[in-house]
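Visitor: Quick one, structure for this:
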Amino acid sequence: MGKYIPVTLNNITALEFQSSLPQGKVALVCEGGGQRGIFTAGVLDEIYALSI
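Guide: Numbering: from 1, shown residues only. Prediction:
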């Protein structure tokens, strides 16, 4: 099973590169609805534009 890394507005250090994470497939879970869904779409567009 994968490793759960919680990220909140007060704790974004989890987004830093961690070499201890296993290599392989990575999944990104996006949640939201309504206005949050629009924000999520914008974030995903930027991730795609940066080729991350």
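
Visitor: In contact with Val43, which residues?
Guide: Val43 is in contact with Cys30, counting by C-beta atoms under 8 Å, 6 or more residues apart in numbering. C-betas here are computed from N, CA, C, even on glycine.

Visitor: Likewise for Gly24?
Guide: Contacts of Gly24 (C-beta under 8 Å, 6+ apart): none.

Visitor: can you confirm it is in a strand?
Guide: No - counting by DSSP: H, G, I helix; E, B strand; the rest coil, Gly24 falls outside a strand, being coil.

Visitor: so what's the backbone phi/psi at it?
Guide: Phi and psi for Gly24, reported as degrees, to the nearest 10, are phi 140, psi -150.

Visitor: let's have the chain start at 49 instead
Guide: Okay, residue one is now 49; in that scheme the one you just asked about reads as Gly72.

Visitor: Quickly note the distance from it to Lys51.
Guide: Gly72 is 11 Å from Lys51, where distance means C-beta to C-beta, to the nearest Å.

Visitor: all helices for this structure, in order.
Guide: For the chain, helices defined by DSSP state H occupy the ranges 83-97.

Visitor: what about it, any weak spots by pLDDT?
Guide: Applying pLDDT under 70 to the chain flags residues 49, 53-70, 100.

Visitor: number of nearby residues for Ile90?
Guide: To be clear, residue 90 is Gly; Ile isn't right here. 10 (other C-beta atoms under 10 Å).

Visitor: For it, give me its contacts.
Guide: By C-beta under 8 Å, 6+ apart, no residues touch Gly90.

Visitor: what about it, distance to Lys51?
Guide: Noted for Gly90: a distance of 27 Å to Lys51, by C-beta to C-beta.

Visitor: give me the number of residues near Lys51?
Guide: 8.

Visitor: Go ahead and confirm Leu92 touches Gly85.
Guide: No - with contact defined as C-beta atoms under 8 Å, Leu92 does not reach Gly85; the gap is 10.4 Å.
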